[in-house]
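> I'll drop the sequence and a predicted model, then ask my questions.
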Amino acid sequence: MNIALLGYGKMGKIIEKIATDRKHEIFLKIDFYNRQDLTIENLKKADVVIEFSTPGSVLDNIQKCFEAGVPIVVGTTGWYEHLPELKKKCLDSGHTMLYASNFSVGVNIFFHVNKVLAKLMNNYPYYDVQVEEIHHMQKLDSPSGTAITIAEGIIENTDSKKEWVNVLTSEGDDTNDENIKNDQLLIESFRIDSVPGTHTVIYDSEVDSIEFKHTAHNRNGFALGAVLAAEWVQNKKGFFSVEEMFDFGK
Ligand SMILES: NC(=O)C1=CN([C@@H]2O[C@H](COP(=O)(O)OP(=O)(O)OC[C@H]3O[C@@H](n4cnc5c(N)ncnc54)[C@H](OP(=O)(O)O)[C@@H]3O)[C@@H](O)[C@H]2O)C=CC1
Ligand SMILES: O=C(O)C1=N[C@H](C(=O)O)C[C@H](O)C1
């Protein structure tokens, strides 16, 4: 496939390596400094676009891909409040988009088991639940997209939690969770060194706690998943989440 990469930072560079190893060609790499090369004419040359840029640029980039009529795989996080309008725009005008807060196989298994666990724990209301995420210091958004997906999986399957709230805690601070209501699910975010991404769901009672944790050792799993998603979606029409690609519910 001919792939255009929108965003050529930590993820873009690993995606380039994995896509090239899988015999794809990366013919366009866009970062902040050459963003004037992101033209409809250039985009039309792509079989598929892979987008890992920034929360501030992703919406314009998706719009340009829609205008060029090229399928787009979106890994960028921090824009999910626009999901409903974007889904409508994509479906109404016959475009193709697949997005994921996290493309790694391990995290997608984690998402699936998280929902099953939440359903089970719903029978034991004396456990309170919270989500923790740790990422590198350069991360622009909080909470992480992955933590939002985890929280939504818990809220869908739990009677006691109605919405999530985020607290960004600096190293050494104590979490100020006094203002969090019982029906709110706390997502606590930490930014430490160069951590690629660690997510933990904690069920806590007076007598014990249960911790369910995913630790990314590096970014290769995210990047491979994004290339697999590009291969999967290139000849499809519609609006997809990565859950449809993995389909663990089968
Ligand atoms: N879904 C998933 O599995 C994963 C998602 N992510 C998400 O992917 C995104 C990127 O992560 P990461 O690679 O670590 O971030 P980086 O900051 O390393 O890279 C961001 C890239 O976007 C570029 N950029 C800035 N403005 C534009 C623009 N207008 N158009 C195109 N590119 C632009 C930057 O260019 P320059 O360097 O010139 O400023 C840089 O190359 C984040 O939102 C992150 O949360 C990350 C890992 C996994
Ligand atoms: O910014 C990152 O690095 C990551 N972002 C994604 C997220 O927000 O969940 C996925 C992964 O955790 C790494």
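Cool, the structure landed. Ligands and ions are numbered 1, 2, ... in the order given.
> please make it C-alpha for all contacts and neighbour counts, starting now.
OK.
> got a list of contacts for the lowest-mean-pLDDT helix or strand in the chain?
Ranked by mean pLDDT, DSSP states H and E, the weakest helix or strand in the chain is helix 242-246, scoring a mean of 93. In this structure, residues lying in contact with helix 242-246 by CA atoms under 8 Å, 6 or more residues apart in numbering are 98, 99, 100, 103, 108, 229, 232.
> identify the bridge partners of residue 3.
Taking DSSP bridges as the rule, residue 3 bridges to residue 26, residue 48.
> what's the burial count for it?
Neighbourhood size, residue 3 [other CA atoms under 10 Å]: 24.
> if I look at it, how far off is residue 243?
Using CA to CA, to the nearest Å, one gets 22 Å for the distance from residue 3 to residue 243.
> ok, for residue 134, nearest residue in space, not its chain neighbours?
Excluding the flanking residues, the one nearest residue 134 by CA to CA, 6 or more residues apart in numbering is residue 190, at 4.7 Å.
> surely that neighbour meets residue 139?
No - contact criterion CA atoms under 8 Å: residue 190 and residue 139 do not qualify, at 10.3 Å.
> higher neighbour count, those two?
More neighbours surround residue 190 than the other of residue 190 and residue 139, with 20 against 14 (other CA under 10 Å).
> now the element after the helix or strand that contains that one, going C-ward?
When elements are assigned from DSSP states H and E, residue 190 belongs to strand 184-191. As assigned by DSSP H and E, the chain's next helix or strand after strand 184-191 is strand 198-204.
> what helices or strands is the helix or strand following that following strand leaning on?
Using DSSP H and E, the helix or strand that follows strand 198-204 in sequence is strand 209-215. In terms of contacts (3 or more CA pairs under 8 Å, 6 or more residues apart in numbering; DSSP states H and E), strand 209-215 is packed against helix 105-121, strand 198-204.
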